[in-house]
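Enquirer: need the 3D shape of this:
(one chain, ligands or ions: 1)
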Amino acid sequence: MLSLKKEEQYSSVIMKLIILFCFIASSLADGDEEFANYSTTNRCFPADFHFGVSTSAYQIEGAWNLDGKGVQIYDTFTHEHPEKMDDRSNGDVACDSYHLYKEDVACMKEVGVDYYRFSISWSRILPNGTIDNINKAGIDYYLNVLKELKANGIASMVTLFHWDLPNDLQNRGGWLNPEIVGWFKDYARLCFAEFGKYVESWIIINEPKQICHYGYGNGQFAPGIVSPGILEYVCARHVLLAHAKAWRVFDEEFRATLKSRVSLAIDSEWYEPASSCKADVVAAETKLQFVFGMYANPVIKGNWPQVMIDNIARFSKAQGFNESRLPPFSDEEVALIKGTYDFIALNHYTSYMASAITDPNHVGEVSWEEDSGVNIYKKSTWPTAGYPHTSLPWGFGRILRWIKQTYGNTEIVITENGTPDTTGTLNDEDRIDFMRSYMSHMVDAIYDAGVNVTGYTVWSIIDNFEWTAGYTKKFGLYHVNMSDPSRPRTAKDSSKYYSRVIRTRCLLDFCESIRNGPDSTKNC
Ligand code: BGC
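Expert: Numbers count the residues shown, from 1 in each chain. Below you'll find the predicted structure:
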């Protein structure tokens, strides 16, 4: 007995020494040092690579109550809680793209993009969220947008759900009510039927993490429900089931006639191990599984990541719950969800460092963050470039390589990447640097690691309503004057840079002269 206790004491001392060593190693390590001398790649984009830009309905459309549109949760959230937006603003008018969509398309045409990613507002076409009340004016609006894009030679990537849940469905429990799977399936079927022939690819749901963690976990986003580590998991389960049902509807009822491809967009930061110590490497991997894997693993492999299942069961028990706070999928559900993607759609903006929590017996509070059992932080030396969107381009290359290693060489489309400015300047050098360096690491990942990235989408074509940041953060390649009722769009320098990249298929300033010069056959 005594010797067992001694053994326990020894192993605890050894554990503490390892952790201390990791801590020292991590303070010496410099995750980005390796890239200090990195220079922009001179490789050209592959010939079949596609370039796009993106927006979402609530962030640009305005017309929140026009032509039969129903109320959705961000109308309610912004109207009832203006204090939650940095500038107390809302999307009632936003960029007025409901009326000015042709101007948006003209901007895209000027840049020369291959495709436009935008979202459909569920309550614009189904004002109550359910299929028994279809708003023809809403359907017509999206048909007009799609036709305008087609007329301009721009392909469409359409998101079915970018967070704006019809209010009536929220009143019935929103993503916590299992019936939402059926409501969403009906909505998806209607969209495939009405818009399908114009759409090249579908993103069924945008960023489940933002919907569930921010909407039902910490409550920072609509509907503002605060239930960390509990209801956010119920939401996640229903989001995944709704996605899977919609994908199956497409697969079974539309794939034979429509040639589109269908996926869901998962947002993930890169998590860099704080040191090369095993504990930190495992911590970073765990965090990636809690962020990207939470949604990718079910869709690709059929179930929650094992580390989530194990951690949450262990913590739930220690916290006195009778069962795991992570609701399980039945075998039937696993079969339903598994394989419901035609490509991986990644939204990526920034990176964090990840380190192991020092106390091996630590049981934290009930929350998704604590369930991972990992510390994350940003280094004080990192460039801020619009915090929390710290510009760390090397993290982009690393997450792409990690996805390939973890999930195989599936095709990846970058469905969002971008950085905000706060001043509205047209000379947005910082954004150009951001785009150039992020795309450069992506191109190197394609050539050096064989990662199968086939498309890159800038967030966003125009400045728009940036959720709780209101209009204070401007992500556009085009500036929008929000105080002018006609909402004029003006090109920023970054739009010209992106345009040149698309034309030359190269990130460097002198590509054009190489290509137009005497040696025009030379690669970038
Ligand atoms: C969202 C966008 C948002 C962008 C910039 C993404 O998480 O899909 O709606 O505007 O990030 O924050």
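
Enquirer: tell me where the model's unsure across the stretch 351-500 of the chain.
Expert: 385-387 (pLDDT under 70).

Enquirer: now stretch 163-177 - C-alpha only, CSV.
Expert: Output of stretch 163-177 as CSV, limited to C-alpha atoms (Å, rounded to 0.1, in the frame of the first residue of the first chain):
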residue,chain,number,x,y,z
TRP,A,163,-26.9,31.9,-39.1
ASP,A,164,-30.1,33.8,-39.7
LEU,A,165,-32.7,31.4,-38.4
PRO,A,166,-36.4,32.3,-38.9
ASN,A,167,-37.7,33.8,-35.6
ASP,A,168,-40.7,31.5,-35.6
LEU,A,169,-38.5,28.5,-35.5
GLN,A,170,-36.4,30.0,-32.7
ASN,A,171,-39.6,30.4,-30.8
ARG,A,172,-40.1,26.7,-31.1
GLY,A,173,-36.6,26.0,-29.7
GLY,A,174,-34.4,26.7,-32.7
TRP,A,175,-31.4,24.3,-33.0
LEU,A,176,-32.4,22.7,-29.7
ASN,A,177,-35.6,21.2,-31.1
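
Enquirer: so is it next to the ligand?
Expert: No. Stretch 163-177 does not reach the ligand (C-beta under 6 Å from any ligand atom); its nearest approach is 7.3 Å. The way it works is simple: take the backbone N, C-alpha and C, and place the C-beta from them, glycine included.

Enquirer: check contacts around residue 327.
Expert: Shown in contact with residue 327 (C-beta atoms under 8 Å, 6 or more residues apart in numbering): 233, 234, 237.

Enquirer: the same query, at a cut-off of 10 Å, please.
Expert: Residues in contact with residue 327 (C-beta atoms under 10 Å, 6 or more residues apart in numbering) are 230, 233, 234, 236, 237, 238, 304, 312.

Enquirer: just these that are near the ligand?
Expert: Filtering the contacts of residue 327 for proximity to the ligand by C-beta under 6 Å from any ligand atom leaves nothing.

Enquirer: SS state for residue 113?
Expert: Here residue 113 takes the coil state, with states given by DSSP: H, G, I helix; E, B strand; the rest coil.

Enquirer: tally of neighbours for it?
Expert: 26 (other C-beta atoms under 10 Å).

Enquirer: surely it is in contact with residue 52?
Expert: Yes. Between residue 113 and residue 52 there is a contact under C-beta atoms under 10 Å: 5.3 Å.

Enquirer: hey, what's in contact with both of those two?
Expert: 154, 155, 457, 458, 461, 502.

Enquirer: what residues does this structure have near the ligand?
Expert: Checking the chain against the ligand by C-beta under 6 Å from any ligand atom, the hits are 56, 59, 206, 207, 210, 267, 347, 416, 459, 466, 475.

Enquirer: mind doing that once more with 8 Å?
Expert: With the criterion set to C-beta under 8 Å from any ligand atom, the chain comes near the ligand through 54, 56, 59, 162-163, 206-207, 210, 265, 267, 347, 349, 389, 416, 418, 420, 459-460, 464, 466-467, 469, 473, 475.

Enquirer: still on that earlier bit, take the shared contacts of residue 113 and residue 52 and keep only those in strands.
Expert: Counting by DSSP state E, the part of those found in strands is 155, 457, 458.

Enquirer: distance check, the first one against the ligand.
Expert: Computed with C-beta to the nearest ligand atom, to the nearest Å, the distance linking residue 155 and the ligand is 20 Å.

Enquirer: and the pLDDT at that residue?
Expert: pLDDT for residue 155: 98.
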